[in-house]
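Asker: When you get a sec, could you give me coordinates for this:
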Amino acid sequence: MLASLGAITCLMDAEVGHIAGAPGGTEFVQRLFAEVVATVGAEWRALTDAFKSQVLALLTDGASNLTSSMYRDMKSAHRIEADQIVGDLVRHAAARGVATPLLSTVLVRLKVYEETQRAPTPLPRLLQHAADRGDALGLEAQPVHASCVAGRARP
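Answerer: Below is the predicted model:
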């Protein structure tokens, strides 16, 4: 359930209800969940039909505002556990020969997020624009006197 919810909400960048309500959203959730179920069944043990139905009902509830903690961490620009949650599942699936195209796509998305979090933060666009124009905060840039450039004080 944790990996499914995290994968779905992080890739789609939305709450469960918004995903379920989007055209193709429910089908996407069902296909991704099928990859998780196949991996769990191949690596550990088969999930019961009752459990699968219960989880799918939660993951496809069009009125739900359910999200994962990893999604909330991404929205808050915090660190996430991509390798520990989705990456681990993808590795187990690969070891058992289970195809996981959707989960693998989610892992790429999460790794891109992690990489961008490590990159230096650029100036916000407004400040960068102002700096490029030379008039930060709407103040006009003052010309530099030639004597300042030469290292002398302005007369």
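Asker: Where does the nearest residue to E81 once chain neighbours are set aside sit, in terms of helix or strand?
Answerer: Nearest non-adjacent residue to E81, counting by CB to CB, 6 or more residues apart in numbering: M70, 6.7 Å away. (C-beta placed from N, C-alpha, C; glycine too.) For M70, the host element (DSSP states H and E) is helix 69-75.
Asker: Go through that helix and flag the buried ones.
Answerer: Buried residues in helix 69-75, defined by neighbour count with 16 or more other CB atoms under 10 Å: M70, Y71, D73, M74.
Asker: Now do that helix: distance to the chain's middle.
Answerer: 7 Å (CA atoms, centre = their mean, to the nearest Å).
Asker: now the chain, which segments are flagged as low pLDDT?
Answerer: 121-155 (pLDDT under 70).
Asker: Please parse it into its domains.
Answerer: Using automatic domain parsing, the domain ranges for the chain come out as 2-118, 122-155.
Asker: taking those domains together, which one is wrapped up most tightly?
Answerer: domain 2-118 (a mean of 17; mean count of other CB atoms under 10 Å).
Asker: what's the span of that domain, first residue to last?
Answerer: 25 Å (CA to CA, to the nearest Å).
Asker: do the same with stretch 75-88
Answerer: Taking CA to CA as the criterion, the two ends of stretch 75-88 lie 22 Å apart.
Asker: rewinding a little: surely the residue nearest to E81 touches I8?
Answerer: No. Between M70 and I8 there is no contact under CB atoms under 8 Å: 10.5 Å.
Asker: any idea whether F33 is helix, strand or coil?
Answerer: Under the three-state scheme (DSSP: H, G, I helix; E, B strand; the rest coil), F33 adopts helix.
Asker: before we move on, what about L11?
Answerer: Applying three-state DSSP: L11 is helix.
Asker: what sits against it?
Answerer: By CB atoms under 8 Å, 6 or more residues apart in numbering, the contact list for L11 reads L102, T105, V106, R109.
Asker: make it 6 Å
Answerer: The contact partners of L11, by CB atoms under 6 Å, 6 or more residues apart in numbering, come to V106, R109.
Asker: Can you tell me the element H18 falls in?
Answerer: Assigned by DSSP H and E, H18 falls in helix 16-21.
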